[in-house]
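Visitor: Model the following, please.
(2 chains)
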Amino acid sequence: MSINNFSKVVIVAKDEWRYWLRSKLAMTVLAIGLLLTLSSVVVTTITMHELSHDRHELQSNAEQSFVDQPDRHPHRMVHYGHYAFRTPSPLSTLDPGIDAYTGNSIFLEGHRQNSAMFADQRQGTALTKLGSLTPAFIVQTLAPLLLILIGYSSISRERESHTLSYLLAQGTSGITLIAGKGLALLSVVGLIIAPLAVSALFTVSAGESLLAVASFVVGYALYLTVWVLLILLASSVFSKNSGSFTALAFVWILLCIVMPRVASTSASTAVPSAGKIETDFAVKAELRKLGDGHNTNDPAFKQFKQSLLEKYNVNSIDELPVNFRGLVASESEAKQTEVLNQFAEQRMQAELKQTQVSRYFGWVSPMVAIRSLSMIVVGTSIETHHRFLRETEQLRFDFVQGLNKVHIEVLDYQDDMNRNADAAATKKARVSAENWQILQDFNFNVDSADVRAQRSVPAFLQLLLWIVVLLGGIKFVGKRLI
Amino acid sequence: MSYLITQLVREWGFLLRQKYVVVLLLCSLILSGFAIYSGLSEVSAQQQTIERLKAADQSDRAKVQQKQNDAGMLAYYSFHLTYSQPSNLAFAALGERDIFPWKHRINLLAIEGQIYESDSQNAELAQAGKIDFVFVISALAPLVIILLFHDLFANERTSGRHDLLVTTAKSYFALWGARITVRFVAVIICLMLPFFVGAVIAGASGSEVVYVSLLCIAYLAFWTALSVWWGKNATSAPRVASSLIGIWVLFAFIIPILGDLAINKSVHSPKGGDIMLTQREAVNDAWDLPKSATMQPFVKEFPEFAPYIDMSSEFEWKWYYAFQQMGDLKAAELSKAYRDAAAKKYELAGFVSWISPPLLLQRSLTRTANTDSIAAYDYEQKIRDYHQQLREFYYPWLFYKGDPTKAALENMPRFESTTQSSN
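Guide: Numbers count the residues shown, from 1 in each chain, chains lettered A, B, ... in the order given. Here you go, the predicted structure:
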């Protein structure tokens, strides 16, 4: 585009702004848009900071109360258990994603993999089924509507008031005109995204990487660009304002309100996944084969006992230099965990497959594309939750086995066997509280920015495809503009 | 009469010749159909899951009972399935069943440690929300109506026919009434027809269907009246539509969001984590406390076991389960406050919904279908009651009757599902 043409584009854009400044509707819409985005940024930032603070505190409390426990039988501590809390990622102030839908705390104990508990939605008012005041929701759903309200008539208005043919006759090409109107709308996009970009940049100081921040802002810019192009196209195609408006409103309903739900409904129908309780039966059946780790006489441990006797070259378990009950507990925990993890992994894979199906709908709805892009980049998507589950499982296994190690090495086998005889024997079957210093500090971190960026590539491609197709359409229409 | 019919027939003809109206109506029909279809398949999937779980639960417990004889071990290893059946109307209003669990397995350990376990569905799908009939009617139908009715007058004005039509028409009804009636009836048919088909398939009762239909029609009439009235004097159709969509945004998003913020600020609820911690501390401390510290408060609750609280060793199951129950008792106040806060929030949300018609419709329909959070709390209470029954069944065996016979196990309390409908 030559300099001359570009300055023409700018003139058209300036003129469009002049029109908006004079129109009550445009100004109201702009003001509402900015107000909504700003307040959503503020409200969500405060909420997520509170959550982050609460969960950090709960985490350190849990760790403190664990080490503060008195002298005990080590297996008691296995059942006393520990808690892990998921602290939100810095960028989640802009898109809390699934945070309110998954539980955010897990009780970790021996022999079991508990599910996450206390999803915030369950304490909710059920008022926000359609949407909540998060920047993600405002920009994904409402911003396109605001852009439509401001821009639906950008070309059709000129046509309806017969200024279009005049403009074209003056030597302004159709493409230049559309580009000018587009530039004006893009400046509105800039206004909407600005608060988002600023607060995203702030998260850098909280440890978020620039790559994630950049992908986040660029993703939303691309998304709103898709809408600008859609608006320009509709406005150029329809001969009347009302036609252009009706068409755009209809497209908005379809893409923003209907498609995300069609996507999730289709995904859960297409890939049915068994719930936790249901898989638990299969897990139980497998576990039963492994024997009960509390019971050293369980026939399942016969072979294990034999191999131990051979290893230590002794004739009976009483002669073992280590605590046999602890060994059984440790052995059976390891085997159980293997089974539990295998089933947990299956469940997660099924959930991922479901999510994948719903993400394919991004090819037909830019809203679905930006939704997944945003959650993935921010680190509030299902992948992050799975990461949380895997890390807490590692934490669980480590501390349970740590306690079992204490059980094996510190507690005498005879004392252990007699633990219920009388009060003195019970006391003897305890180990010192110093042994509780086995917890690792648990800090949940989302995946690295690279990994998140990689995951978001399909969503970026979806948005880019939309842009390419729409640009092609506009080029086609722009040449035939009358 | 025939005059009326001619007017209506003429308007039907007009309507069917307008391409965008037909497209809009067809889309409504397809969406409503999809919502009903997916609602039906979701409900049937839930019912099948429950059936499978019931069978698996029975055989699982049978295996435990085969392997264990000791009352304490039996109680420890036996899990019991509880579930909440979807009602006959659930297909139209899936409600909160994707967030609140509708199936649970419990054993005799402290209930507070078990009840918050969730067997939830894919969180990312839950966050996007599902399409059900309630969503189509409360959120989408207003938009369809706005698009259909906003240009009723403006269209004729901009094409310069308005004044001519007004002066030549025989009556107001002949001109506008017939047109409004025809469009309104067409919308109702497209949106409601799939619901009626679904209701027949799901076996919903006639009175429920009539009630739901009346609510929906009244709601749609409200939006139609609003759209017609708003557009009466307008000359620019898009301007009418944008203000109407603005009202819709206000009702569907702004009021609920602000209401949610206000309610969450005003109602304080104990943190879920605190309930768990309290309960866990209570249960674990009991191991190190003198036995009487558990048994004394226990016999206050269950005086009938007072003669049997002496223990012959340092570990007995009766003491173990007694301190589980005392752990529940310690957390009871927090746990009740937690539930009360949720109930209070729901109640306050009811006031908010009076100024937001879409919310009001959603609440009424999910209440009728028994899929709202009230239903979920009822189910939670049912689990608690059932757990209490199990305790009452096991305690005599644990305290003085010894190990239960296989025949005695037959008399174990069974979980009664929640009612099929709210009536």
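Visitor: what about the host helix or strand of A:E286, average pLDDT?
Guide: Counting by DSSP states H and E, the secondary-structure element that holds A:E286 is helix A:276-290. Computed over helix A:276-290, the mean pLDDT rounds to 80.
Visitor: which other helices and strands contact the helix or strand just after that helix?
Guide: Stepping forward along the backbone from helix A:276-290, the first helix or strand reached (DSSP H and E) is helix A:302-312. Under the contact definition 3 or more CB pairs under 8 Å, 6 or more residues apart in numbering or on different chains; DSSP states H and E, helix A:302-312 sits against helix A:324-360. (C-beta placed from N, C-alpha, C; glycine too.)
Visitor: same thing but at 7 Å, please
Guide: Identification of packing neighbours for helix A:302-312 by 3 or more CB pairs under 7 Å, 6 or more residues apart in numbering or on different chains; DSSP states H and E yields no helix or strand.
Visitor: Could I get the buried residue list for it?
Guide: Of the residues in helix A:302-312, those scored as buried under the neighbour-count criterion (16 or more other CB atoms under 10 Å in any protein chain shown) are A:304-305, A:308-309.
Visitor: Kindly report the same for stretch A:404-414.
Guide: Residues of stretch A:404-414 classed as buried: A:404-408, A:410-411, A:413 (neighbour count, 16+ other CB under 10 Å).
Visitor: Let me know the closest of these to A:F324.
Guide: The nearest member of those to A:F324, counting by CB to CB, is A:Y413 at 5.6 Å.
Visitor: Assess the claim that that closest one and A:G326 are in contact.
Guide: No. Here A:Y413 lies out of contact with A:G326, judged by CB atoms under 7 Å, at a distance of 8.3 Å.
Visitor: quick one: pLDDT of the residue in chain B that chain A sits nearest to?
Guide: Residue nearest to chain A within chain B: B:G272 (3.3 Å; CB to the nearest CB). Here, the pLDDT recorded for B:G272 equals 76.
Visitor: ok, back up a step: could the buried residues of helix A:302-312 go into JSON lines alongside pLDDT and distance to A:R455?
Guide: Supplementary listing: the buried residues of helix A:302-312 in JSON lines, determined by pLDDT from 0 to 100; distance: CB to CB, whole Å:
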{"residue": "A:F304", "pLDDT": "80", "distance to A:R455": "42"}
{"residue": "A:K305", "pLDDT": "79", "distance to A:R455": "48"}
{"residue": "A:L308", "pLDDT": "78", "distance to A:R455": "46"}
{"residue": "A:L309", "pLDDT": "80", "distance to A:R455": "51"}
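Visitor: Do you have the strands of chain A handy? List them.
Guide: For chain A, applying DSSP state E gives strands covering A:82-85, A:105-109, A:112-113.
Visitor: Deepest in the core, which of these is it.
Guide: strand A:82-85 (a mean of 24; mean count of other CB atoms under 10 Å in any protein chain shown).
Visitor: Show me how far that strand is from its chain's centre.
Guide: 20 Å (CA atoms, centre = their mean, to the nearest Å).
Visitor: counting contacts, what elements does that strand pack onto?
Guide: In terms of contacts (3+ CB pairs under 7 Å, 6+ apart), strand A:82-85 is packed against helix A:24-67, strand A:105-109, helix A:382-410.
Visitor: which one of those lies closest to chain B?
Guide: Proximity to chain B (CB to the nearest CB) singles out helix A:382-410 among the helices and strands packed on strand A:82-85, at 4.4 Å.
Visitor: picking that back up, right, so the helices and strands packed on strand A:82-85: which one is the most enclosed?
Guide: For these, ranked by mean neighbour count under the definition mean count of other CB under 10 Å, the leader is strand A:105-109 at a mean of 23.
Visitor: ok and that strand relative to helix A:382-410, angle-wise?
Guide: Relative orientation of strand A:105-109 and helix A:382-410, computed by axes from the mean of the first three to the mean of the last three CA atoms, to 10 degrees: 30 degrees.
Visitor: is chain B contacted by strand A:105-109?
Guide: Yes. Under the criterion of CB under 7 Å from any CB of the partner chain, chain B is reached by strand A:105-109 at A:105, A:107.
Visitor: Please enumerate the helices of the stretch 101-250 of chain A.
Guide: Secondary structure of the stretch 101-250 of chain A, counting by DSSP state H, counting those that start in this stretch: helices at A:135-137, A:143-151, A:156-160, A:163-169, A:174-205, A:210-237, A:241-252.
Visitor: Then the stretch 301-423 of chain B?
Guide: When assigned using DSSP H, counting those that start in this stretch, the helices of the stretch 301-423 of chain B occupy the ranges B:317-353, B:357-369, B:373-396, B:406-410.
Visitor: can you give me the helices for the stretch 1-150 of chain B?
Guide: According to DSSP H, counting those that start in this stretch, the helices that the stretch 1-150 of chain B contains are B:2-17, B:19-67, B:71-77, B:123-128, B:133-135, B:141-149.
Visitor: got the contact list for stretch A:9-29?
Guide: Contacts made with stretch A:9-29 from outside it, assessed by CB atoms under 7 Å, 6 or more residues apart in numbering or on different chains, are listed as A:146, A:149-150, A:154, A:176-177, A:179-181, A:183-184, B:239, B:242.
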